[in-house]
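Asks: model this:
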Amino acid sequence: MRVEYDFGRIITKYIGKNEKVLLAVSGGVDSVVLTHLCCIHDVQFDIAHCNYQLRGEDSELDESFVKSLATKYTAAFFLKKIDLKNSSPTKNIQLSARNFRYDFFNELYLTGKYKFILTAHHKDDKIETFLINMLRGSGLDGLTALKEKSGNLLRPLLSFEKNELLDYAIKKGLDWREDVSNKKDDYVRNKIRHQVLPVFKEIQPNYKSRWIENIENLSLANDWIMQMGNSWEKENVIQYSDYQLIRNELLILNNIYPLYLYLNKFQINISQIKDIIAKVNLESYKKRIWLSSEYKIIQEREGIQIQTLEDRKSDEVELEFSNITFDFQYKRFKISTNPNLGTNYSNNQFLIDPEKIKGKLLLRNRKDGDYFFLEGKTKKQKLKSYFINNKYSEKEKNETILLANGSEVIWILGKRKNKFYESFNSASSCLIEFV
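Replies: Numbering: from 1, shown residues only. Got it, this is the predicted structure:
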């Protein structure tokens, strides 16, 4: 059969006879076919499964099914379980689930037992991912994101369409689990799958092959552009021991893409780069700073310097209770005295009584010893414990913005407020909000 032959050709290209891999198995038809194909091609594997507890009994049945699948194939079974709905650090459940499972898979990979982590992504996933990333405004890297091999990830089913895998599973009499949530349009991917792609098929029945060909062409173009970007970097970026320098004359560009490619490595986005170029072109010099999660770009007289934020925790802003608008770590903050709230008070707003603040009120990131109170001024909890209980990744811990009075956290932005400091009646109340 074509599926078995093509899979065998792909798998032997990457995996040796005595090498073991880790299979990411949800229990759906795609991952069940992946498991079966690995078995008939004598690939040694273990199985990893995540139970997000999002679908009640169905989630438990998925877990049991995958466990029985591991038993059937005499593979080790690794399980990670989490109540994702109540512990997700963001409203984007799908993103939280993705981060959670890949953290889990990489944790197992780092044991040193496996050559690759194998996922069951197929051709339809690649097209859907392209459309999602295009809607998000991703660059070429995002538009060509799903590759057959990417670091320690291997996707040996990318050349197959979903229907091919489904037909194969039926012919082979394989059992699998159906995720009923895939039939709903609650997520962007499902909306694209159910509402957008059928229109493409109506217009061009062979759209999948055409689309994949275009993505592959974009990938080749991206590879060439990256090579040109690397050449531009070698010629124009001066390397010092603790920073890089790009001189002013190189920032006055008709085409900003080479600069974008370079600064994007430091998580500087296109809007910031346009702002950098605009500010450098001003006649009057003024020292300015642009921040990303790990780096800072500093405008000096001779050009811009790129430096590492060696201690992200030192980033902080002291707040004053006056009418002011300012930016801090990619968020726009506004402080208003005598605010008119109406009925729109939200998690992005905090109405504070300044008289209850003792000492400096700071916007900052986490520090050792941070704590907050669960109720008023009782039931003290360490911030570290809150992060652990809510499954924050290391990146999320470092980037979470806090409103703090000394070591006491009074607001985990967008998440938890200490209502002891909140006041709707005081004439001196001040509103702090962010967007």
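
Asks: please make it C-alpha for all contacts and neighbour counts, starting now.
Replies: Will do.

Asks: strands of the stretch 301-435 of the chain, start to end?
Replies: 303-308, 316-318, 324-328, 331-337, 349-352, 361-364, 371-375, 378-382, 402-405, 408-412, 416-417, 430-434 (DSSP state E, counting those that start in this stretch).

Asks: direction included, what does the first one pair up with?
Replies: Strand 303-308 has the following strand partners under DSSP bridges: strand 244-247 (antiparallel), strand 295-299 (antiparallel).

Asks: buried residues, that strand. List them.
Replies: I304, Q305, I306, Q307, T308 (16 or more other CA atoms under 10 Å).

Asks: per-residue pLDDT, the residue nearest to the last one when sequence neighbours are not counted?
Replies: Leaving aside its chain neighbours, T308 sits nearest to Y295 (4.5 Å; criterion: CA to CA, 6 or more residues apart in numbering). Here, the pLDDT recorded for Y295 equals 84.

Asks: again with K115
Replies: The model's pLDDT for K115 equals 95.

Asks: ok, S426 next?
Replies: The confidence metric pLDDT takes the value 63 at S426.

Asks: what about N365, how many neighbours?
Replies: Residues near N365, counting by other CA atoms under 10 Å, number 21.

Asks: hmm, back to that, the residue nearest to T308 is in contact with Q305, isn't it?
Replies: No. Using CA atoms under 8 Å, Y295 makes no contact with Q305, being 10.3 Å away.

Asks: what's across from L362 in the sheet?
Replies: E318, A404.

Asks: ok, it - contacts?
Replies: E316, V317, E318, L319, L402, L403, A404, N405, G406 (CA atoms under 8 Å, 6 or more residues apart in numbering).

Asks: weed out the non-buried ones from those residues.
Replies: Counted by 16+ other CA under 10 Å, the contacts of L362 give E316, L402, L403, A404, N405 as buried.

Asks: one step back: how about the strands paired with strand 303-308, which one is nearest K360?
Replies: strand 295-299 (24.9 Å; CA to CA).

Asks: can you list contacts of the closest one?
Replies: Contacts to strand 295-299, defined as CA under 8 Å, 6+ apart, come from residues 266-267, 280, 286-291, 304-309.

Asks: what of stretch 13-21?
Replies: In contact with stretch 13-21 (CA under 8 Å, 6+ apart) are residues V43, Q44, F45, D46, K113, Y114, K115, F116, I117, L118.

Asks: where does S96 land in three-state SS?
Replies: helix (DSSP: H, G, I helix; E, B strand; the rest coil).

Asks: was I right to think E318 contacts K360?
Replies: Yes. E318 is in contact with K360 according to CA under 8 Å; the separation is 6.6 Å.

Asks: before we move on, the earlier item: out of the contacts of stretch 13-21, who's nearest W411?
Replies: Minimum distance to W411 across these is 38.9 Å, recorded for I117 (CA to CA).

Asks: ok, that closest one to Y371 distance?
Replies: Per CA to CA, to the nearest Å, I117 is found 38 Å from Y371.

Asks: and the residue nearest to I410 when sequence neighbours are not counted, how many neighbours does it have?
Replies: Nearest residue to I410 in three dimensions, chain neighbours excluded: N418, at 5.1 Å (CA to CA, 6+ apart). Burial of N418 is recorded as 19 neighbouring residues (other CA under 10 Å).

Asks: separation between N418 and V409?
Replies: Noted for N418: a distance of 8 Å to V409, by CA to CA.

Asks: hey, what's in contact with both of those two?
Replies: F372.

Asks: next, count neighbours for K72.
Replies: Count around K72 with other CA under 10 Å applied: 9.

Asks: on that earlier part again, what about the residue nearest to T308, distance to K356?
Replies: Distance from Y295 to K356, by CA to CA: 35 Å.

Asks: who has more neighbours, the two?
Replies: The neighbour comparison of Y295 against K356 (other CA under 10 Å) goes to Y295, with 18 against 12.

Asks: and the nearest residue to N390 once chain neighbours are set aside, what does it touch?
Replies: Nearest non-adjacent residue to N390, counting by CA to CA, 6+ apart: S87, 4.8 Å away. Counting by CA under 8 Å, 6+ apart, S87 makes contact with N389, N390, K391.

Asks: go on, F116?
Replies: Here F116 is in contact with K20, V21, L22, Y109, N152, L153, L154 (CA under 8 Å, 6+ apart).

Asks: and with 7 Å instead?
Replies: V21, L22, N152, L153, L154 (CA atoms under 7 Å, 6 or more residues apart in numbering).

Asks: phi and psi next, for the residue lying closest to the last one once chain neighbours are set aside.
Replies: When you say that, I think you mean L154. Among residues not flanking L154 along the chain, L118 sits closest, at 4.9 Å (CA to CA, 6+ apart). The phi/psi pair for L118 (degrees, to the nearest 10) reads phi -100, psi 130.

Asks: pLDDT at L118, what is it?
Replies: 97.

Asks: name the residues linked to it by a beta bridge.
Replies: L23, L154.

Asks: surely it is in contact with S31?
Replies: No. Using CA atoms under 7 Å as the test, L118 is too far from S31 to be in contact (9.4 Å).

Asks: pull out the buried positions in the helix or strand hosting N190.
Replies: Following DSSP states H and E, the helix or strand that holds N190 is helix 188-191. Buried residues in helix 188-191, counting neighbours by 16+ other CA under 10 Å, are found at R189, N190, K191.

Asks: how about the helices in the stretch 1-150 of the chain?
Replies: 2-14, 29-40, 57-72, 84-87, 93-109, 123-136, 140-143 (DSSP state H, counting those that start in this stretch).

Asks: out of the ones you listed, nearest to Y257?
Replies: Closest among the helices of the stretch 1-150 of the chain, using CA to CA: helix 140-143, at 11.7 Å.

Asks: picking that back up, JSON lines for the contacts of S87, including neighbour count, pLDDT and distance to P205?
Replies: What follows is the contacts of S87, written out as JSON lines (neighbours: other CA atoms under 10 Å; pLDDT from 0 to 100; distance: CA to CA, whole Å):
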{"residue": "N389", "neighbour count": "10", "pLDDT": "83", "distance to P205": "49"}
{"residue": "N390", "neighbour count": "15", "pLDDT": "83", "distance to P205": "46"}
{"residue": "K391", "neighbour count": "19", "pLDDT": "83", "distance to P205": "44"}
